[in-house]
Every structure is written in structure tokens, then in C-alpha cells.
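Student: after the sequence you'll find the predicted model.
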Number of protein chains: 2
Amino acid sequence: MPDSLDPPAAARTQTNRARRSTGRSVLSDVAKLAGVSTATVSRVYNEPDKVSANVRERVEHAALTLNWFPNAAGRALASTRSHIAGIIIPTLDDRVFASQVSGMQAAFAARGITLVLGCSNYDPAQALTQVRAMLARGVEAMAVVGEAHPAELFDALRLYRVPYAVTYAYRKDSPHTCIGFDNHAAYAEITEHLIGLGHRAFAVCIQPTRDNDRVQARVAGIRATLERHGLAVRPEHMFEGESTMGFGRRSLRTIWQASGERPTAIICGNDHIALGVLREAEELGIAIPGELSVTGFDDLEMAQEIRPALTTMRVDTYEIGQLAAQYLLDTLDGKRPLHGHEVHALFQLRQSTGPAAR
Amino acid sequence: MPDSLDPPAAARTQTNRARRSTGRSVLSDVAKLAGVSTATVSRVYNEPDKVSANVRERVEHAALTLNWFPNAAGRALASTRSHIAGIIIPTLDDRVFASQVSGMQAAFAARGITLVLGCSNYDPAQALTQVRAMLARGVEAMAVVGEAHPAELFDALRLYRVPYAVTYAYRKDSPHTCIGFDNHAAYAEITEHLIGLGHRAFAVCIQPTRDNDRVQARVAGIRATLERHGLAVRPEHMFEGESTMGFGRRSLRTIWQASGERPTAIICGNDHIALGVLREAEELGIAIPGELSVTGFDDLEMAQEIRPALTTMRVDTYEIGQLAAQYLLDTLDGKRPLHGHEVHALFQLRQSTGPAAR
DNA sequence: TTGTAAGCGTTATCAC
DNA sequence: GTGATAACGCTTACAA
């Protein structure tokens, strides 16, 4: 008779136990085995010093015996803390982003936070989708590379009160917290260097500017600097393409085959492209830096090994990742950290740049 | 009086609402606004065709209005499905692993599964820690690079009935499902190639073998092949070091400075190292391949651009990632997919290898 | 096709 | 210091 009220519940419990066919145990199993309440078990893991040593020991032993550890979903639901953070990068194919992820992951892991990675493939729509998915996962903080994203992306982050940082790029008057370097200034520095060497005719081989504020800033940095000296890049010397040696090689060939005045310096969007230019120059018998100066960006190991060694700039992207994580952790801790953090790109003067040819 | 029973509950609800200070709405809010039950809202997102078009529309509209989307933790808890998969790689610094992650992520994302990444930094203990963390997160499937991991790692995976695959390495008689290529065979092929060219004295410059079954297999492949021809690498011609050009350069210098017979071929653990050897050879005035043959692995873009172009092998690691994801998805779907999948490393014959010098 | 209500595995409030 | 027990946001039998 007493049963008659229970059957459904009993059956259900049965079902659940059955569904979890494995030996997977739950917190209450541990509590039972240790002879304490569930609250106590929870305390052992969340506020250990509020539990007597004796009890703590029993619980830990029971947990070990049952091979139990807390279920993250249950935890997240009850505590309204997911212990998840997210990062959106364009692609893992570029090591500057990969190392940023490493840096963030290391810093977050040290605080028990899992980093979830999303790649946008340079597509704003994908970035938005990824952010939404992360919001659904209850990310507590987010980092996104660059600020060329749909307004909805940042709106969603604000609406859900998720602290975030824009990384890789730094702009003083950005509405976002930025942790990175000033792309505009970096390319201005490169350009000044070349102008200082007497160059007046420039070519630029750079990654696609579309949907990419970092690259846009670089181009703007070049343009503004040249303009200040009454100079400009001729449209036919402006090349946009993938980040490969192949693109660099093709661009230089095109430039050299064209009639008209040749540039005496080529500013490249990164080392891959610059390495391609250097390679093609060798093929075409162009003297570097005698006849042509070339600059890169990123400072790959090959940049200092190739002959002539490549003049380029170096940025510590692993550090950017760590700083971003630190900023976000501080924010979560309720500290009011500085608004953003500028990292500096360091100029590496090598042999691929020299005085302009006559 | 009636109140006297309720206050706690009422206060609690109050507290909870307060805690969620933002406009963050929950499923029941949507249900209320749409004038349906919570079950129906759930169905709209999980079994859409079991809901009439009219109702579905109302719910979707309500969700949009309230800016609601399902909370993953609640979902995971109720459905006992986390929609999370994990991958453990040694490091993101190596693009072969980074692209594997990309491939997996793309394949999983297409099925609504979030990929969580863990880096072991080539440390078995860290790999184990990461796997445990992922288990706590309720990963539904896992991929781990290589099989040189603590037994507890695979035990835990089995205990929790989480389907997994070992990636990057493939070994026919492995106890695990492998998706990758045969490192032993690949290096046997390289070695055969050189032997076929008449080489009899070899040097090897390779990554650390410790805790790394892939590298161990490569060395074993070289050794077994040489042995079959009655040959062996002299201990003083066996170098282990980081995966950099610098290591390649230093190794060659050491070899060339030593007294005693010089090798006529150097087998490198990857292209970075080989590129360093090539660079140092240039510096030392060693003719490649006249005086010395050099091989790499991975086929970086630079391998075909450098002069002489580097003989190496190419593996599609993005594909490995995709295949691994597919295998895991099939397993989750209850299909019984083939046991593992072998991908092939493709030999790229270029100019850095040639007939052995007299 | 839709609603009711129990339960997923934790944490957190309150009382003891 | 410890225990009861109600949430947390969702899914899913089962009933209607």
C-alpha cells in the first residue's frame, strides 16, 4: 500500500540509475559512504577549512574509493558559475594567435578555469555565432581578437554582463578594453625607418584588409606616415593577398615585370610574405638591400636565419594572452583593473633594409 | 499566518531573482510569454516537428523578444549530454597539432559540439590532469595525441565510458583506436630512400624521445631500416633537441667539427630542424646534396621555397582532425565505425637529397 | 499536439 | 561544524 504512492517515483529513480549504467557515482553516494550530508561533501571541496579535519579525511577517502569528482554541469547550475572562459581568434593557422591561446589557457588553468576556443576564420558572422554559443555555455569572460566585429557581438556580451577584452590590437580611443599593441604605430615605425633611409617609392604586400581592423590599422599607419612626408603608395604597388611566401613571390614578380618606376622598398604584412619577397628577389637577381629594401612582421625564427636577415618587428603574443587572462580574472574577482594594456612591438633591425638605391 | 510557512521560500526566490540582476531570462519566462508550457518550449528547440507551426512561431518570437537561449548547464544536467568533446595535444606551437585542432573543431561544430582544448606541454602528468578536468566537464568524447600517456589516463576514459581516439600516430597493433599515420613506416621510407642513394653513414637530429611515442617510432623506423642493411647510427651522430632551426644548426656544426668519419646524410625530425641544418651547411660551405643529403618532415611552405628545396614528407593533419571527429561522432551515434583509420605520409622528393658522396 | 511535474548533480541558506 | 532541503534551468516520461 505505501508503495502505491511511490511506484512512479521508484520507477523513475530506477530509470535514472539504469541510464547511468556505468559506475559513475554522484555526490550523494560519497556523502552516504562517508556518513555525512551532501552539504558537507560540497564544503570539503569548496570551503575546506569550514570542515573538521576528521570529516574531511573521511569524505576524501570516500570520494577516492568511489572515483568521484564533482560534475561541472551540476556545479554550474547550482553556483551560477561555469568556470569557463572563451576566446575567439581568426585562425589557429597563424602562430601569433595560437600562442595567444596558449598564454590565456595557461593563466586560466592556474585558476581552474577552462578556456573554450572558437575560430572565426576571419568571418564576422562566424565570430558572432561562436560568441552566442559561448554565451549559452555560460562563459564568465571572453577575449576576442580585434574589434572589427558585428555590433551585436559586443551588444550580446554587454547584455549578458560578460566581461571581455579585445586582444592583439590596442587603440587608445577604443570603446573596448584592449590588450595588445598599436598596429598603426608599429607600421608607422617601419615606414619611418625606411623613409629615414631615403626611400621614396614604396610597395605594400599585406593580408586582406576586409573585416580586419589590425591590417587596416597597419595600412593606415603606412599611409599616414608617408603622407606626412608628402608621399604615397601608388595603387599598382598595393597588394592584398594570403599570408604565404607564394603571395610575396607573385607580388614582387608583378612589380618587377611592370613598366614604370619601381619601388625601392617593400613593406610586408608579415614575415611569411616578406620571406617570399626575399626568395623571389634572389630568383630575379635583385640585390637586397642594395636595390630593394624589405620588411616583415612577427619575427619568425627564419627571419633571423635567412640571408639577408629580415628586418621585422617582434610582439610577445603569448604575453598578450596571459595579460588578457589576468585582466579578466581580476575583473571577475571584482578588482577594477586598469582599462586595457598596451604591449609593444619591438623593431628588429637586420640586413634586408638599407639606404635607398639612387 | 499562512505567510509564516512561506517566508523562507519567498525570500529565497527573491534572492535568486536578485542575484540574476541582469535581464537574463530563462525558459519558463519564454513559456509564460508565449503562453505555453516549459515542455513545449523545450520541444521547439529539441524536437521541432513535434510542435505545431503556430505554437513554434509564438515560442520563437517570445525567445527573441526576451533574448533567450538555452542554458547549457541546465541542458547538460537534464539530458545527461554535455555536447562537449575534448582534445589533448602537446602544444599549439606546432602547426601540425594546431591544424588537427582546427579540423576537429570544424567537424564537431557542424554537429553542435563544442571542442575543449588541453595542452600537455609534452608532460604526461599534465595530460592526465587535463583529461580529468574534461571528464568533470562531462566530455562525451576525447582525442589524445599519441599513446605515450599514463595508464590512468586511458583507464579513466574507459571507466567513464568516454569514447576516445589516439591521433597523429597510427599503429596496427595498438590497443587503442588510432587515427593518424605510421611514424615508423614514414621514417623507414626516408631511410630507404637514402640507402638507395648509396648512403652508409647517417646522422639523426630529432626532437626529444622522452614521453613521445611518435618520435620514438621514428627513431625505431630509422634504426630498424638501417639494421636491415647492416648499418647503424653512431652514438655521436645521434642528436636530440628542440624543434628549432637553431638545434639543427648547432648539431651540424658539432658533427662537422668532430674528428672521425662524417655522415653523408642527416635525417631530421622535422622541417624546422632540417632548415637549420641547410642554413648551417650554407654557412660552412657544405654542398647539398653533393657532400651531404638532408631530409625533413612536415613539408612547411619554406621547404619547397628554400634552395636547395628540402626533401621531406607531408601529412594532412587537418584531415586527421576531421577523421577523428567523424569517428567519435559515429561512435556517439551508436554506429560501429571501423577501428581506426590510417592516413599516409607522402614523400616529397626534392633537391636536398642525392647520391652519397664518395 | 500539449501540459504536468519529477529529476539531473550540485550549491547555498538556514537551523541546529 | 554539520545537516535538511530548496533552488539552479532544463528535459522527459507520462498523462491528457
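Tutor: Cool, the structure landed. The structure displayed is predicted, hence computed values, not measured ones.
Student: switch to C-alpha atoms for all contacts and neighbour counts from now on
Tutor: Will do.
Student: quick one, domains of chain A?
Tutor: For chain A, automatic domain parsing gives the domain ranges A:9-68, A:81-181+A:317-344, A:183-314.
Student: how far away from the center of its chain is the shortest one?
Tutor: Pointing back at domain A:9-68 there. Domain A:9-68 sits 39 Å away from the centroid of its parent chain (C-alpha atoms, centre = their mean, to the nearest Å).
Student: swap in the longest one?
Tutor: Taking the mean C-alpha point of domain A:183-314 and that of its whole chain, the gap between them comes to 25 Å (C-alpha atoms, centre = their mean).
Student: how about whichever strand or helix holds A:Leu64 and chain B, touching?
Tutor: Assigned by DSSP states H and E, A:Leu64 falls within helix A:53-66. No - against chain B, helix A:53-66 shows no contacts by C-alpha under 8 Å from any C-alpha of the partner chain, the least distance being 11.4 Å.
Student: if we can go back for a sec, got CSV for the domains of chain A, with distance to DNA strand C too?
Tutor: Converted to CSV, those look like this (distance: least, C-alpha to the nearest atom of the strand, whole Å):
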stretch, distance to DNA strand C
domain A:9-68, 3
domain A:81-181+A:317-344, 8
domain A:183-314, 40
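Student: re earlier: list the contacts of the helix holding A:Leu64.
Tutor: A:25, A:30-31, A:33-34, A:36, A:41, A:44, A:48, A:69 (C-alpha atoms under 8 Å, 6 or more residues apart in numbering or on different chains).
Student: closest one to chain B out of the residues you listed, please.
Tutor: The shortest approach to chain B among those belongs to A:Phe69, at 6.5 Å (C-alpha to the nearest C-alpha).
Student: separation between the nearest residue to that closest one once chain neighbours are set aside and A:Ala274?
Tutor: Distances taken as C-alpha to C-alpha, 6 or more residues apart in numbering or on different chains place B:Ala136 nearest to A:Phe69, at 6.5 Å, with adjacent residues excluded. The gap separating B:Ala136 from A:Ala274 is 46 Å, by C-alpha to C-alpha, to the nearest Å.
Student: the two - which one has more neighbours?
Tutor: Using other C-alpha atoms under 10 Å in any protein chain shown, the more surrounded residue of B:Ala136 and A:Ala274 is A:Ala274, with 33 against 15.
Student: which of the residues in the host helix or strand of that one are buried?
Tutor: In this assignment (DSSP H and E), A:Ala274 forms part of helix A:271-284. Within helix A:271-284, the residues that qualify as buried by neighbour count (16 or more other C-alpha atoms under 10 Å in any protein chain shown) are A:271-281.
Student: want to throw the residues you listed into TSV with distance to DNA strand D?
Tutor: TSV is the format used below for the buried residues of helix A:271-284 (distance: C-alpha to the nearest atom of the strand, whole Å):
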residue	distance to DNA strand D
A:Asp271	46
A:His272	46
A:Ile273	47
A:Ala274	50
A:Leu275	51
A:Gly276	51
A:Val277	53
A:Leu278	55
A:Arg279	55
A:Glu280	56
A:Ala281	59
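Student: can I get those residues in TSV with pLDDT and distance to B:Gln322?
Tutor: Output for the buried residues of helix A:271-284, formatted as TSV (pLDDT from 0 to 100; distance: C-alpha to C-alpha, whole Å):
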residue	pLDDT	distance to B:Gln322
A:Asp271	98	29
A:His272	98	26
A:Ile273	98	28
A:Ala274	98	32
A:Leu275	98	31
A:Gly276	98	30
A:Val277	98	34
A:Leu278	98	35
A:Arg279	98	34
A:Glu280	98	35
A:Ala281	98	38
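Student: how about the helices in the stretch 1-150 of chain A?
Tutor: Counting by DSSP state H, counting those that start in this stretch, the stretch 1-150 of chain A has helices at residues A:2-5, A:7-19, A:27-34, A:38-46, A:53-66, A:72-79, A:95-109, A:124-136.
Student: those: which one's closest to A:Thr177?
Tutor: Between A:Thr177 and the helices of the stretch 1-150 of chain A, the shortest separation by C-alpha to C-alpha is 16.0 Å, and it involves helix A:95-109.
Student: how about the contacts made by the residue nearest to A:Phe69?
Tutor: Counting by C-alpha under 8 Å, 6+ apart, the residues that B:Ala136 touches are A:69-72.
Student: so the residue of the stretch 51-200 of chain A found nearest DNA strand D versus B:Gln257, what's the distance?
Tutor: Here the residue of the stretch 51-200 of chain A nearest DNA strand D is A:Ala78; by C-alpha to the nearest atom of the strand that distance is 3.0 Å. The gap separating A:Ala78 from B:Gln257 is 66 Å, by C-alpha to C-alpha.
Student: which residues in the stretch 101-250 of chain A form strands?
Tutor: With strands called from DSSP state E, counting those that start in this stretch, the stretch 101-250 of chain A shows them at A:114-119, A:141-145, A:164-169, A:178-181, A:202-206, A:238-240.
Student: got these as CSV, with distance to B:Ile88 and mean pLDDT columns?
Tutor: Listed next are these as CSV, based on distance: least, C-alpha to C-alpha, whole Å; pLDDT from 0 to 100:
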stretch, distance to B:Ile88, mean pLDDT
strand A:114-119, 13, 95
strand A:141-145, 22, 98
strand A:164-169, 25, 97
strand A:178-181, 27, 98
strand A:202-206, 34, 98
strand A:238-240, 36, 98
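Student: how about JSON lines for those strands, with mean neighbour count added?
Tutor: Below are these laid out as JSON lines (neighbours: other C-alpha atoms under 10 Å in any protein chain shown):
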{"stretch": "strand A:114-119", "mean neighbour count": "24"}
{"stretch": "strand A:141-145", "mean neighbour count": "26"}
{"stretch": "strand A:164-169", "mean neighbour count": "26"}
{"stretch": "strand A:178-181", "mean neighbour count": "28"}
{"stretch": "strand A:202-206", "mean neighbour count": "25"}
{"stretch": "strand A:238-240", "mean neighbour count": "19"}
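Student: please identify which of those strands is closest to chain B.
Tutor: Closest among the strands of the stretch 101-250 of chain A, using C-alpha to the nearest C-alpha: strand A:114-119, at 5.4 Å.
Student: circling back: can you list the strands of the stretch 101-250 of chain A in JSON lines and add distance to chain B?
Tutor: Below are these laid out as JSON lines (distance: least, C-alpha to the nearest C-alpha, whole Å):
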{"stretch": "strand A:114-119", "distance to chain B": "5"}
{"stretch": "strand A:141-145", "distance to chain B": "15"}
{"stretch": "strand A:164-169", "distance to chain B": "17"}
{"stretch": "strand A:178-181", "distance to chain B": "19"}
{"stretch": "strand A:202-206", "distance to chain B": "18"}
{"stretch": "strand A:238-240", "distance to chain B": "19"}
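Student: buried deepest among the helices of the stretch 1-150 of chain A, which one?
Tutor: Highest mean neighbour count of those: helix A:95-109, a mean of 22 (counted as mean count of other C-alpha atoms under 10 Å in any protein chain shown).
Student: relative orientation of that helix and helix B:95-109 in degrees?
Tutor: Angle, helix A:95-109 to helix B:95-109, by axes from the mean of the first three to the mean of the last three C-alpha atoms, to 10 degrees: 70 degrees.
Student: what about helix A:95-109, average pLDDT?
Tutor: When pLDDT is averaged over helix A:95-109, the result is 96.
Student: which residues are in contact with that helix?
Tutor: Here helix A:95-109 makes contact (C-alpha under 8 Å, 6+ apart) with A:87, A:89-92, A:114-115, A:117, A:298, A:317-326, A:329, B:92-93, B:95, B:98, B:119.
Student: mark which of those residues are buried, thanks.
Tutor: Here, 16+ other C-alpha under 10 Å leaves A:87, A:89-92, A:114-115, A:117, A:298, A:317-326, A:329, B:92-93, B:95, B:98, B:119 buried among the contacts of helix A:95-109.
Student: out of those residues, which sit inside strands?
Tutor: The strands, defined by DSSP state E, take in A:87, A:89, A:114-115, A:117, B:119 from those.
Student: and the stretch 101-250 of chain A, which residues reach chain B?
Tutor: So the stretch 101-250 of chain A meets chain B at A:102, A:114-117, A:119, A:136-138, A:159-161, A:244-245 (C-alpha under 8 Å from any C-alpha).
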